[in-house]
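J.: model the structure of this input:
(one chain, ligands or ions: 1)
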Amino acid sequence: MSESQNIMERTEKAVLHTYNRFPVVFDRGQGVHLYDVDGKKYLDFGAGIAVFALGYGNQEYNDALKDQIDKIVHTSNLYYHKPLMEAAEKVIAHTGLSKVFFTNSGAEAIEGAIKAARKYAYMKDGKNDHEIIAMNHSFHGRTVGALSVTGNSHYQDPFKPLMGGVKFADFNDLESVRALVDDRTCAIILETVQGEGGIHPATPEFLHGVRKICDENDILLILDEIQCGMGRTGNWFACDAYGVKPDIMTLAKALGCGVPVGAFVLNEKAAAHSLEPGDHGTTYGGNPFACAAVSKVFDLFEKLDLVQHVRDTAPYLEKKLDEVAAKYDFITDRRGMGFLQGLELSADHPVGPVVAKALEHGLVILSAGGNVIRFAPPLVVTEKDIAKMIPILEESLDA
Ligand SMILES: *Cc1c(COP(=O)(O)O)cnc(C)c1O
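T.: Numbers count the residues shown, from 1 in each chain. Now for the predicted structure:
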């Protein structure tokens, strides 16, 4: 039996079967390439689901993690440590918000944002009946709270009853949001660009309209930038492209570039009137190792001028994908922002086999809801990498 066969079989025996994994055993990465245990090379346009922005094997990133491991990995949140200070200051500076709480994942960042919003409303009127408006086709994570605001019945139904007090509106339909607002509404939560749901950017009218509804009714706007934040759209955060600021922003994925870390970030108003000592906590969250990663990620984004690189390079990706879309009559749409792009296929052309075929041909791409091929490469990809990706994509579409 080959080594990869052995690893796959033993993994399936021991790991709970919640994923239908592709039959590949990855071993290492270099730049925008992954290598499996048999030494086969793959061009990566998935980045571990929009996580590894820096490209694999960035020596400075690796050294920062190793240095922190040698100093201390964990202390708990009962004490201060310098990586926390540094990481927090960088998150604050870049988001333009005021206070951050570090979590271990994206879902936990959503949990924290939900709690902060509920507490904010509770402190105002002392009532326990506050509601959150979320969007259909959204994705906010798999924990019970995050799942409760995820507008996908396939994910939700087996686990009901979920957290109460959630209503769903249609993304990019302002009137459907307005119709749900009443004096119990404490927050509106949405992804600035819906990722998992099929790569749908918010329209400017919608995002500005929701911001206005929130301002007029003292409702907190929670923007989930877990996937679309951290430079992915060619802006530090996707909402920057709209000139809209949330009251609470959630981050994860590229925030630690692979070290499991998320965050919810609050503006002055939300921070001053919500969670207090005793209200929220985490044993690991924001530990020295995670914070060293966050801190170095921000430094490297600056040093590599990654946001500008995405801005400069993404139009080429869009152009090439538009050309592909024009060639195949079963590609019905190309949409996205920056390095978060989707090609939508018609219903009679399921996306799964295309993704599997691409992998066979040495290209990692992702799928997203609504029959969409999702492109979320490491942010360091160049026009040359994109030019190499296109023929492999076409081969996979042909098959
Ligand atoms: C991935 C994702 C999450 C959940 O993050 P986890 O780290 O998997 O818990 C939440 N929101 C969005 C928009 C995501 O893309």
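
J.: OK, now which residue of the stretch 1-150 of the chain is nearest to the ligand?
T.: Residue nearest to the ligand within the stretch 1-150 of the chain: Gly106 (2.1 Å; CB to the nearest ligand atom). The C-beta positions use only the backbone N, C-alpha and C, and glycine is treated the same way.

J.: and Lys245, how many neighbours?
T.: 16 (other CB atoms under 10 Å).

J.: for the residue of the stretch 1-150 of the chain closest to the ligand, which non-adjacent residue is spatially closest?
T.: Distances taken as CB to CB, 6 or more residues apart in numbering place Ala252 nearest to Gly106, at 3.4 Å, with adjacent residues excluded.

J.: hmm, back to that, the residue of the stretch 1-150 of the chain closest to the ligand: neighbouring residues, count only.
T.: 28.

J.: interface residues of the stretch 151-300 of the chain facing the ligand?
T.: 191, 195-196, 224, 226-227, 252-253, 262 (CB under 6 Å from any ligand atom).

J.: apply 8 Å and report the result again.
T.: By CB under 8 Å from any ligand atom, the residues of the stretch 151-300 of the chain that approach the ligand are 191, 194-196, 224-228, 250, 252-253, 260, 262.

J.: next, the residue nearest to Gly106: phi, psi?
T.: Main-chain torsions, Ala252, degrees, to the nearest 10: phi -170, psi -130.

J.: quick check: the farthest pair among the residues of the stretch 151-300 of the chain next to the ligand?
T.: Gln194 and Pro260 (23.0 Å; CB to CB).

J.: tell me which of these two has more neighbours.
T.: Neighbours were counted for Gln194 and for Pro260 using other CB under 10 Å; Gln194 has more, 27 against 18.

J.: element containing Ala187?
T.: strand 185-191 (DSSP states H and E).

J.: and the contacts of that strand?
T.: Defining contact as CB atoms under 8 Å, 6 or more residues apart in numbering, one finds that strand 185-191 is touched by 110, 113-114, 117-118, 120-121, 130-135, 138-140, 149, 171, 177, 197, 202, 210, 213-214, 217, 219-228, 248.

J.: buried residues, whatever helix or strand Leu397 lives in. List them.
T.: When elements are assigned from DSSP H and E, Leu397 belongs to helix 383-398. Neighbour-count burial for helix 383-398, with 16 or more other CB atoms under 10 Å as criterion, is recorded at 385-386, 389, 392-393, 396-397.

J.: other residues contacting it?
T.: Where contact means CB under 8 Å, 6+ apart, the residues beyond helix 383-398 that reach it are 32, 43, 45, 313, 316-317, 320, 323-324, 327-328, 331, 354-355, 357-358, 360-363, 365, 373, 377.

J.: do that again at 7 Å, thanks
T.: 32, 43, 45, 313, 316-317, 320, 324, 328, 354, 357-358, 361-363 (CB atoms under 7 Å, 6 or more residues apart in numbering).

J.: partner strands of the strand holding Ala187 and their direction?
T.: Applying DSSP bridges, strand 185-191 is found paired with strand 131-135 (parallel), strand 220-224 (parallel).

J.: can you lay out these as JSON lines showing mean neighbour count and mean pLDDT?
T.: Converted to JSON lines, these look like this (neighbours: other CB atoms under 10 Å; pLDDT from 0 to 100):
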{"stretch": "strand 131-135", "mean neighbour count": "26", "mean pLDDT": "98"}
{"stretch": "strand 220-224", "mean neighbour count": "29", "mean pLDDT": "99"}
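
J.: so the residue of the stretch 1-150 of the chain closest to the ligand versus Ala387, what's the distance?
T.: 32 Å (CB to CB, to the nearest Å).

J.: for Leu317, same thing?
T.: From Leu317 to Ala387 the distance is 10 Å (CB to CB).

J.: ok and the longest helix seen in the chain relative to helix 383-398, angle-wise?
T.: The longest helix of the chain (DSSP state H) is helix 306-327. Angular relation of helix 306-327 and helix 383-398 on a 0 to 180 degree scale: 30 degrees, by axes from the mean of the first three to the mean of the last three CA atoms, to 10 degrees.

J.: how about the CA coordinates for helix 306-327, as PDB?
T.: Extracted C-alpha coordinates of helix 306-327, given in PDB (Å, rounded to 0.1, in the frame of the first residue of the first chain):
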ATOM      1  CA  LEU A 306       0.000  42.800   0.100                       C
ATOM      2  CA  VAL A 307      -3.200  44.900   0.000                       C
ATOM      3  CA  GLN A 308      -1.800  46.900  -2.900                       C
ATOM      4  CA  HIS A 309      -0.500  43.700  -4.600                       C
ATOM      5  CA  VAL A 310      -4.100  42.300  -4.500                       C
ATOM      6  CA  ARG A 311      -5.400  45.600  -5.900                       C
ATOM      7  CA  ASP A 312      -2.800  45.500  -8.700                       C
ATOM      8  CA  THR A 313      -3.200  41.800  -9.600                       C
ATOM      9  CA  ALA A 314      -6.800  41.000  -9.100                       C
ATOM     10  CA  PRO A 315      -8.000  42.800 -12.300                       C
ATOM     11  CA  TYR A 316      -5.900  40.300 -14.200                       C
ATOM     12  CA  LEU A 317      -7.500  37.400 -12.500                       C
ATOM     13  CA  GLU A 318     -11.000  38.900 -13.200                       C
ATOM     14  CA  LYS A 319     -10.100  39.400 -16.800                       C
ATOM     15  CA  LYS A 320      -8.800  35.800 -17.200                       C
ATOM     16  CA  LEU A 321     -11.900  34.400 -15.500                       C
ATOM     17  CA  ASP A 322     -14.200  36.500 -17.700                       C
ATOM     18  CA  GLU A 323     -12.400  35.000 -20.700                       C
ATOM     19  CA  VAL A 324     -13.000  31.500 -19.300                       C
ATOM     20  CA  ALA A 325     -16.700  32.400 -18.600                       C
ATOM     21  CA  ALA A 326     -17.100  33.600 -22.200                       C
ATOM     22  CA  LYS A 327     -15.800  30.300 -23.500                       C
END
